[in-house]
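**Q** Sequence and computational prediction follow.
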Amino acid sequence: MDGPGVTEGFGLLPALRRLDALLGRAMDTAAVVYGPQAATDPYRGLAIGPDEVDRLLSRGPGEPLFGADAPAADGPDDDRGNELAWLGRTFGLTPLDLDLLVIAAAPELDLRYERLYAYLQDDVTRRRPSVDLALNLLCPSAAARLTARGRVAADAPLVRHGLLHLLPDPNQPHQPLLSQAMKVDEQILHLLIGQSVLDSRLARCARFVQPRGSLAALPLDPETLRALPRPADGAGPGSALPRLYFMGPADTVQLSVAEALAAERGLPLLVTELERAAGAAAPLEEVVRIAFREAWLRRGAIFVSGVDALDGGSASGAYDRLVQEVAAGRVLTVLAGRKPWAPPTHRPGDPAGVAVVPFPVPAAGTRRAWWRRELEARGVTAGDRAVERLSGQYRLPVWRIREAVATARNRAEWTGARPQDEDLLAAARAQCGRELASLSRKVEPGYAWDALILPEEVLTQLRELCDQVAHRQRVLEQWGFGRVLALGRGVCALFVGPSGTGKTMAADVLAGELGLDLYKIDLATVVSKYIGETEKNLERIFEAAESANAVLFFDEADAIFGKRSEVRDAHDRYANLEVAYLLQRMESYDGIAILATNLRENLDSAFLRRLHFIVEFPMPTERYRERMWRQFMPAGAPVNDTVDFAFLAGRFRLSGGNIKNIVLSSAYRACADGGRIGMAHLVRATWREHQKIGRVLSEDDMGEYAALLAEDSRDEPLGAER
């Protein structure tokens, strides 16, 4: 966009010398026009007399006060670069535009110009050049003035690109354009004098980096590599610069790729984080405009993260501005966000032409390469088995891999040791689930396999589930099954059974066996009465779980399956859609998702086919109940020999959860009595537990121990031997 007549020699110092020549000629004219008394008049510019009226009326309409041909620009100047000429070429400025910029910038460079401008404007209070003064200095005729006036209009390059600001007098409403003062933009001034200073309005959300590295050195998924431009793309003179959208979870690898793209072209990179722009000194739309201009002024590239923050609502204007800046194609542009790129279809102007580059959570092979890269970079040694486990078990983005390695090294250095494999595994696990913690409850694994008192068939299914998780990396990647599976790379299970039959405990055991965290999501708190809100709540959970490397345990699924029914109205239809959406997201989730319910009958066969495992948790038989009564009583608990576990197991058909409650309640009763846990405590606790679940026991139900219910613990400790 070359401006007509702009030459490389149009540097700042030659332009200022040219301005001095203009001002010298104007001063000579002013001395004649204003008269010798003007120099000593203390009220000059503050009052008007008859002579001044005659002088003003004697000038023709629009005739320049100092009208004459402006001197030509000087040749090249070695003391200052050609930033002014570059501005002219880049923004399509004419020589007149550049003169206007120099006139506005002069007081910022030398204060003597303030006094000269005040004299020429016949007003000691006006130290900034007005539009009228600039046109008087530059235009030889009234016609030229009228034409030149358009160079400071709102749609003219100087004003539209924010190079020149027009400042009306706040004390003079509806001030005409000619009276408004001109001020060069602060960043343009920095450019002209060779200072690299970031615009202060971007201080909270942007920074320049000197990029380094290359794409060849970055371990990237094949899908990402295929979508990236080749090193030569857009690098030739006149070639279009790449405009890319990196879609996927936020990760430092996206910035690393943007740096590599900029480094291959020798460009500085402006990193702009829109997610941090809320507290910036300018509105979001203005932040976007300023950021792109800043990258343009530095002849650099721009990386914009947090594009999702512009999607809809009050930020829609900023989204439009972003699309407009990208479509202009002035700088190499890399945008990043989690959601698909979807610019407004109604926006006028050129299309943005953005190429989408997918950045999924790295596959295990890519994670393995990143672990090795970061371990080597920090001088940490890890065994092959540890690296395999780190990359296969923990689905961490690159920035969390870096954090984990740094954390393991720092913690080991506290004691003067070198980090061990266990330190790396602990640090990796600590990086998981931080986003998910605000949407669910983390359960610390506390059970082992021997705590599960279940039929052998159920235990076998649970071990098969564990095996599938432990070996999925080998099966999916090394054996190639991952290439034939569009979905279903994770493990999706349904635990079916009455409350208290061990579903949560089984999930706990699985998480502990696999070395993963367990997050419990109560679906009763997720389901909303408002149509569409349940799906939004579920989406937030699954998005947060993408890098959690955890077992997701959806409890109280009856809250959603209980609403599934024949479609009679809109609410029935949406209730069924909620079930379908949950199962679809569970199926596409790459981790381990377990759904607990006792309403299997509300699931049709099409939904059941999506599940890898359906594990039935039956009510325990008498044999299993007796094992539970004995196991829930700790070895160190003071228990009377007279406690009849066989009677309790045979007489009361309870779930494991109920039995655990009874045992704990009886322990508190015995402790309060100061004695040992006896049958009286267990009988009373059993009575209370049945009351709690809505069952009424008779004395016949208590059999030979019915009399214990009538005993008053205030007279005699219930646990005393007889």
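**A** That came through, no problem. Numbering: from 1, shown residues only.

**Q** What residues are recorded as beta-bridge partners of residue 182?
**A** Counting by DSSP bridges, residue 182 is bridged to residue 166.

**Q** pLDDT at it, what is it?
**A** According to the predicted model, the pLDDT of residue 182 comes to 96.

**Q** In the stretch 101-250 of the chain, what residue spans correspond to helices?
**A** 112-120, 131-138, 142-148, 157-160, 186-192, 222-227 (DSSP state H, counting those that start in this stretch).

**Q** now what about the fifth one, what contacts it?
**A** Identification of contacts with helix 186-192 by C-beta atoms under 8 Å, 6 or more residues apart in numbering yields 12, 83-84, 87, 101, 105, 108, 163-164, 184, 196-197, 199-200, 293-294, 297. Glycine gets a C-beta too; all of them are placed from N, C-alpha and C.

**Q** What about those residues, which are in strands?
**A** Mapping the contacts of helix 186-192 onto strands (DSSP state E) picks out 164, 184.

**Q** Now restrict the contacts of helix 186-192 to buried residues only.
**A** Under a neighbour-count criterion of 16 or more other C-beta atoms under 10 Å, the subset of these counted as buried comprises 12, 83-84, 87, 101, 105, 163-164, 184, 199, 293-294, 297.

**Q** who's in contact with the residue nearest to the spatial centre of the chain?
**A** Averaging the C-alpha coordinates of the chain gives a centre point, and the residue nearest to it by C-alpha atoms, centre = their mean is residue 306 (5.0 Å). Residues counted as contacts of residue 306 (C-beta under 8 Å, 6+ apart) are 250, 273, 274, 275, 276, 277, 336, 337.

**Q** can I get these in JSON lines with secondary structure?
**A** Written out in JSON lines, the entries for the contacts of residue 306 read as follows (DSSP: H, G, I helix; E, B strand; the rest coil):
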{"residue": "250", "secondary structure": "coil"}
{"residue": "273", "secondary structure": "strand"}
{"residue": "274", "secondary structure": "helix"}
{"residue": "275", "secondary structure": "helix"}
{"residue": "276", "secondary structure": "helix"}
{"residue": "277", "secondary structure": "helix"}
{"residue": "336", "secondary structure": "strand"}
{"residue": "337", "secondary structure": "strand"}
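
**Q** Quick one, which of the residues you listed are buried?
**A** With neighbours counted by 16+ other C-beta under 10 Å, the contacts of residue 306 contain buried members at 250, 273, 274, 277, 336, 337.

**Q** quick one: least confident of those residues?
**A** Least confident of the buried ones among the contacts of residue 306 in the model: residue 250, at 79.

**Q** can you give me phi and psi for that one?
**A** Note on residue 250: its backbone torsions stand at phi -60, psi 130 [degrees, to the nearest 10].

**Q** circling back: any chance of the buried ones among the contacts of residue 306 in a markdown table, plus distance to residue 533?
**A** Listed next are the buried ones among the contacts of residue 306 as a markdown table, based on distance: C-beta to C-beta, whole Å:
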| residue | distance to residue 533 |
| --- | --- |
| 250 | 25 |
| 273 | 29 |
| 274 | 26 |
| 277 | 28 |
| 336 | 28 |
| 337 | 23 |
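
**Q** Tell me the one of the residues you listed nearest residue 301?
**A** Closest approach between these and residue 301, by C-beta to C-beta: residue 336, at 13.2 Å.

**Q** By mean pLDDT, flag the weakest helix or strand of the chain.
**A** Comparing every helix and strand of the chain by mean pLDDT, DSSP states H and E singles out helix 50-58 as the least confident one, with a mean of 51.

**Q** residues touching residue 19, list them.
**A** 99, 102, 103, 106.

**Q** same check, this time on residue 356
**A** The neighbours of residue 356, taking C-beta under 8 Å, 6+ apart as the test, are 227, 244, 245, 247, 340, 341.

**Q** if you set the cut-off to 10 Å instead, what comes out?
**A** With contacts taken as C-beta atoms under 10 Å, 6 or more residues apart in numbering, residue 356 has the following neighbours: 227, 244, 245, 246, 247, 335, 340, 341.

**Q** Which of the residues you listed are buried, as a PyMOL select command?
**A** Once 16+ other C-beta under 10 Å is used to decide burial, the buried members of the contacts of residue 356 can be selected in PyMOL as follows:
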select buried, resi 227+244+245+246+247+335+341
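
**Q** Can I get the contacts of residue 356 in CSV including distance to residue 206 and pLDDT?
**A** Supplementary listing: the contacts of residue 356 in CSV, determined by distance: C-beta to C-beta, whole Å; pLDDT from 0 to 100:
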residue, distance to residue 206, pLDDT
227, 26, 89
244, 18, 95
245, 19, 95
246, 17, 94
247, 22, 92
335, 14, 95
340, 25, 87
341, 21, 87
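
**Q** so which of the contacts of residue 356 comes closest to residue 125?
**A** Using C-beta to C-beta, residue 335 is the member of the contacts of residue 356 that lies nearest residue 125, at 47.6 Å.

**Q** so which strand or helix has that closest one?
**A** Here residue 335 is covered by strand 333-337, with elements defined by DSSP states H and E.

**Q** after that strand, next one along is what?
**A** Tracing the chain past strand 333-337, the next element assigned as helix or strand by DSSP H and E is strand 355-358.

**Q** so what does whichever helix or strand comes after that next one touch, helix or strand wise?
**A** For strand 355-358, the following helix or strand on the C-terminal side (DSSP H and E) is helix 364-377. Helices and strands touching helix 364-377, by 3 or more C-beta pairs under 10 Å, 6 or more residues apart in numbering; DSSP states H and E, are helix 222-227, helix 384-393, helix 398-414, helix 421-430, helix 456-473.
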